[in-house]
Every structure is written in C-alpha cells, then in structure tokens.
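[1] here you go, sequence then predicted model.
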Amino acid sequence: MQQFSYEAITGDGQKKSGSMSAEDSAAVVAVLATQGFTATSVTEEKADDEKEKRKSGSPAPGATMSIADRIKEMDADVPDDLSKIKIKAEDLMIFTRQLATMVDAGLPIDMALETLADQARSDVFKIVLFSMLGEIRGGNRISEAVKKFPRIFPDIYVSMVRAAEASGQLGTILNQLAGYMEAAAKIKQKVKAAMTYPVIATCMISVVAGILILVVVPQFAKMFELVKGDLPLPTVIVLALSNFMRGHFMIFMLIVVSVIVSFVMILRTKKGAFCFDAFKLKVPVFGPLFRQVAVAKFARTLSTLLSSGVPILDALQIVKRAAGNAVIAQAVHESIASVSGGSGLAEVFEKKPVFPPMLIKMISVGEKTGQLDNLLGKLADFYDERVNAAVEGLTAMIEPLLIGVLGVVVGGIVIAIFFPMIKITQSMGG
C-alpha cells in the first residue's frame, strides 16, 4: 500500500483534501467517487511540500517545468483574451472522448488534462488545456474552468460537466457528452455530403454555361448575320444575353455580388434567419431532410441533458440556444413559460406545428413512465436512421436531376447556336 495526497471537490463547490493509503491513484479516485467527490489531484506522497507544489500549479512529480512556464515557452499566435479562442469541433470531440476514457480508468482530472495537453496537436488548444489545468490545480471546479472558454465549450458542455460534478458521475456523463458530439458530427457530415454534390454540380453548370455564352457564342455571331430573315427566338435570347454579359460584365458581377452580400446580411438578422429556416423546412426535396435533422438534434440534445441530471427548464434553455434552427428555437422559447407554469411538455409541444406527431407521442409516453430521456434518445436514433435513408435517396435522385438540368442549359445554348447554322447550310446548298 502507498500513501497518496488528494484534492477533490463536490458539485456545490465544497473542497476536500487529505491523504489515504491505496494500491494506486485509481483506487483513491474510486473511493472519493463513492463519497460524492470528484478527484482533481492525486499525488503519491514523497515529500512534505509536495501538496503545496501541486496546489500552486508547480510541476507534478517528474515534471521539470511549471504550467506558466510551459505556456510561455509556446510560440503560438493566440489572442490576449483566451475566451476568444476557437478550435475545430473534431478536436473537442476527440478531447472529450479521451478525457472520458482517462477518467473511467481512474486518472485524476489534473493528470488526465496534463496528459491530453502534452498530446494536443494544436498549440492553441494546448494553451487552453494548460490554462484549465492551472484553474483546477488552483482549486476551481471543472465546470468553472470550461466556462472560461465559451467559444470552445458550448452551454450543453458546461451544464453537463456541472451536473457531473453534482452527481459524482463525471466519467459516465463525459461518455454521454462524447457520444452526443459524435452522433451530431455524423449527421452533420451526412447532410454536408448530400449538399456538396448539388452545389459542385451547380457551379460546374454555371461555369460551362458562362464559357459558352462569353466565348463560344460570340464566335458565331458574325456568321448569323448571313442568315436571311429573322433568327429563331432561342438564338435571339442567347445573343442578347451574350452581348449584355460581354458589354456589361462588371455590372453583371456587381449585381451577383450585391445579391449574395444582401442575402448574407439578411440572414444575420433575427427575422431573416427565422424566414430562411422556415423556408428550409418547407422547401421541396430538401425540406423533409432538414426537418428530420432538426428534430433529431432537438431530441438528442434534450435526451442527453436530461439523462445527465440537468433540470428540465435549464435543459430547454440550452436546447433553445443549440437548436440550429430559428423556428424550433422560437417554439421551445414559447414553451418554456408554459412548462414552468406546470404544463406537460407534450401538452405544450402539441400546439407547435413544427414538432411532428411522433415526437409529441414519445414525449407524452416518456412523461407518464418517467423515461423521457430514454425515449428521446431512441427517437433521436430513429430520426438519425431516417436521415441516413433520406440522404441516400436524395443522392440517387439528385444525380439524374442535375444531369437533366445540365442537358437543358447546355443543350439549349448549343441548339440556339446551331439553328441558324442549319439555315445557313440550307441557303448555301440552295
């Protein structure tokens, strides 16, 4: 048996420090967890002043440099205000899964964070993790440390970590959070893949049509002057479009850029974002996909929060901010007052047409059985499967549709060019 010094905290911020005999540090973490404490630091006692070194942010046993020195030696271009730092969603997802694994293995939080900081690929994220490590070794709670970086750790992250501290189930809830992030990333990637093909195809169609209009059509314009009589209407239209684009190219580009900038500016307004999100839910072909994605995200977020012990009203506030769709966010916002007044969630959502009947029925059953979080999780899985099927169906449908559009656009221009050519050939033959 070895003697270990430890520091730990509870969800309400109570701190505890002391020492105990155990086989290893993992055993100390396990004992503290049974007492409702989350271990922030566990150190094998080798010297009387070891504990003071750890509290002050000095290097752990075997380390050669303090946290402050490690941050100073990094040559990373980061803002003075660390709260403005952002990282890739993938990096946060990997970090959460690794942290959950280490906590489950019995590593104290400070040791796990130090290990992950050393392994981080991004210098910016290294600084964030070392800063968090300094906060925790200074006696702050984990939720307080992550809250200092709002552009990295969203509301759902902070709330779940806070709930984990209160319940003493940090490893379990971190695993739930990692699973939530992985599921959200998978769905996002599916939708991105579904949207990428039509966007690229549309750009290619525009480029091909532009080359034909600006380069090819003018080459035939002089030949068309040989045609006796009026030109066919398609040819007249194509020639007029070509002349306008060649003679007023900068004006044309200015109009295109103005339309794009105006659209972006409108989307940044509250009303514009709401109208666009409402349009996305109703647009043909893609509308059902966007609706399923929104409902899946709503159900999974609410399920994850409730299963972590976050109160229903706090969970709804977080879901509102993380909805990803202004229509659903407004529906949730309007429902919070009714739920706080004692109304059931299913009863309130039934009055909101944005929520499908299946979601309302599952919430109703979950409220009656006390299994709301589990049923919402199953519903999210169901909608995830529907999203996968919808993406595969859309991919199979969009490909021939875009080929048809390409044929109509390019073929129309080519036909408009060759109509007069045929007439010229006939007149020369006569």
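    Alright, I've got the coordinates.

[2] can you get me a residue count around V285?
    Counted by other Cβ atoms under 10 Å, the residues lying close to V285 total 11. (Glycine included, C-beta is placed from N, CA and C.)

[3] what's the helix or strand for the nearest residue to it once chain neighbours are set aside?
    Counting by Cβ to Cβ, 6 or more residues apart in numbering, V285 lies nearest to L394, which is 6.9 Å off, once chain neighbours are set aside. Using DSSP states H and E, L394 falls within helix 372-429.

[4] where do the strands sit along the stretch 251-400 of the chain?
    Under the criterion DSSP state E, counting those that start in this stretch, the stretch 251-400 of the chain contains no strands.

[5] for N388, see how far away the residue nearest to V285 is.
    11 Å (Cβ to Cβ, to the nearest Å).

[6] more neighbours, those two?
    More crowded of L394 and N388, by other Cβ under 10 Å: L394, with 20 against 14.

[7] ok, the more buried one touching G287?
    No: using Cβ atoms under 8 Å, L394 is not in contact with G287, being 11.2 Å away.

[8] need the contact list for C275.
    Going by Cβ atoms under 8 Å, 6 or more residues apart in numbering, C275 touches no other residue.

[9] so, low pLDDT: which residues of this protein?
    Counting by pLDDT under 70, the low-confidence segments of the chain come to 1, 10-14, 34-36, 46-80, 225-229, 423-430.

[10] walk me through the domains of it.
    Domain segmentation of the chain under automatic domain parsing yields 2-153, 190-430.

[11] make CSV from those and add distance to A183 to it.
    Listed next are the domains of the chain as CSV, based on distance: least, Cβ to Cβ, whole Å:
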stretch, distance to A183
domain 2-153, 10
domain 190-430, 6
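
[12] indicate which one of those domains is closest to L177.
    domain 2-153 (5.6 Å; Cβ to Cβ).

[13] quick one: end-to-end length of that closest one, please.
    37 Å (Cα to Cα, to the nearest Å).

[14] and the helix holding L394, what does it pack against?
    Here helix 372-429 touches helix 170-211, helix 217-224, helix 233-247, helix 287-307, helix 357-369, going by 3 or more Cβ pairs under 8 Å, 6 or more residues apart in numbering; DSSP states H and E.

[15] redo the ones you listed as JSON lines? Include distance to M421.
    Shown next, in JSON lines, are the helices and strands packed on helix 372-429 (distance: least, Cβ to Cβ, whole Å):
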{"stretch": "helix 170-211", "distance to M421": "19"}
{"stretch": "helix 217-224", "distance to M421": "7"}
{"stretch": "helix 233-247", "distance to M421": "10"}
{"stretch": "helix 287-307", "distance to M421": "43"}
{"stretch": "helix 357-369", "distance to M421": "59"}
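
[16] got the angle between the helix holding L394 and helix 233-247?
    Helix 372-429 and helix 233-247 are oriented at 100 degrees to each other (axes from the mean of the first three to the mean of the last three Cα atoms, to 10 degrees).

[17] the nearest residue to V332 once chain neighbours are set aside: what's it in contact with?
    The spatial neighbour of V332 that comes closest, neighbours along the chain excluded (Cβ to Cβ, 6+ apart), is K320 at 4.4 Å. With contacts defined as Cβ under 8 Å, 6+ apart, K320 is in contact with 329, 332-333, 336.

[18] can you do 7 Å?
    Neighbouring residues of K320 by Cβ atoms under 7 Å, 6 or more residues apart in numbering: 329, 332-333.

[19] which of the residues you listed count as buried?
    329, 332 (16 or more other Cβ atoms under 10 Å).

[20] out of the contacts of K320, who's nearest P311?
    V332 (15.0 Å).

[21] isn't that closest one right up against N325?
    No: with contact defined as Cβ atoms under 7 Å, V332 does not count as touching N325 (10.1 Å).

[22] tell me which element the nearest residue to L170 once chain neighbours are set aside is part of?
    The shortest distance from L170 to any non-neighbouring residue, by Cβ to Cβ, 6+ apart, is to A164 (4.4 Å). Here A164, judged by DSSP H and E, is contained in helix 155-167.

[23] helices or strands next to that helix in the packing?
    Here helix 155-167 touches helix 142-147, helix 170-211, helix 287-307, helix 312-322, going by 3 or more Cβ pairs under 7 Å, 6 or more residues apart in numbering; DSSP states H and E.

[24] now distance to D373 too, for these, in a markdown table please.
    Converted to a markdown table, the helices and strands packed on helix 155-167 look like this (distance: least, Cβ to Cβ, whole Å):
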| stretch | distance to D373 |
| --- | --- |
| helix 142-147 | 20 |
| helix 170-211 | 10 |
| helix 287-307 | 4 |
| helix 312-322 | 10 |
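
[25] can you tell me which of these is nearest to G412?
    Short answer: helix 170-211, nearest of the helices and strands packed on helix 155-167 by Cβ to Cβ, at 9.2 Å.

[26] now do the contacts for Q2.
    Per Cβ under 7 Å, 6+ apart, neighbours of Q2: 21-22, 44.

[27] of those residues, closest to D277?
    Proximity of those to D277 (Cβ to Cβ) peaks at A22, which lies at 54.0 Å.

[28] picking that back up, any idea how far K271 is from the residue nearest to L170?
    Noted for A164: a distance of 38 Å to K271, by Cβ to Cβ.

[29] for the two, indicate the residue with more neighbours.
    A164 (24 against 9).

[30] pretty sure the more buried one sits against G171.
    No: using Cβ under 7 Å, A164 is not in contact with G171; the gap is 8.3 Å.

[31] is T43 in a helix, a strand, or coil?
    strand (DSSP: H, G, I helix; E, B strand; the rest coil).

[32] now do S17
    From three-state DSSP, the assignment for S17 is strand.

[33] just the one 10 residues further on next, same as before
    Assigned with three-state DSSP, A27 falls in the helix class.

[34] ok, now how distant is it from I415?
    To I415, A27 is 81 Å away according to Cβ to Cβ.

[35] who's more crowded, the two?
    Set A27 next to I415 and count neighbours by other Cβ under 10 Å: A27 wins out with 17 against 13.

[36] mind picking the one among the contacts of K320 that's closest to M362?
    Nearest member of these to M362, counting by Cβ to Cβ, is V332, at 16.2 Å.
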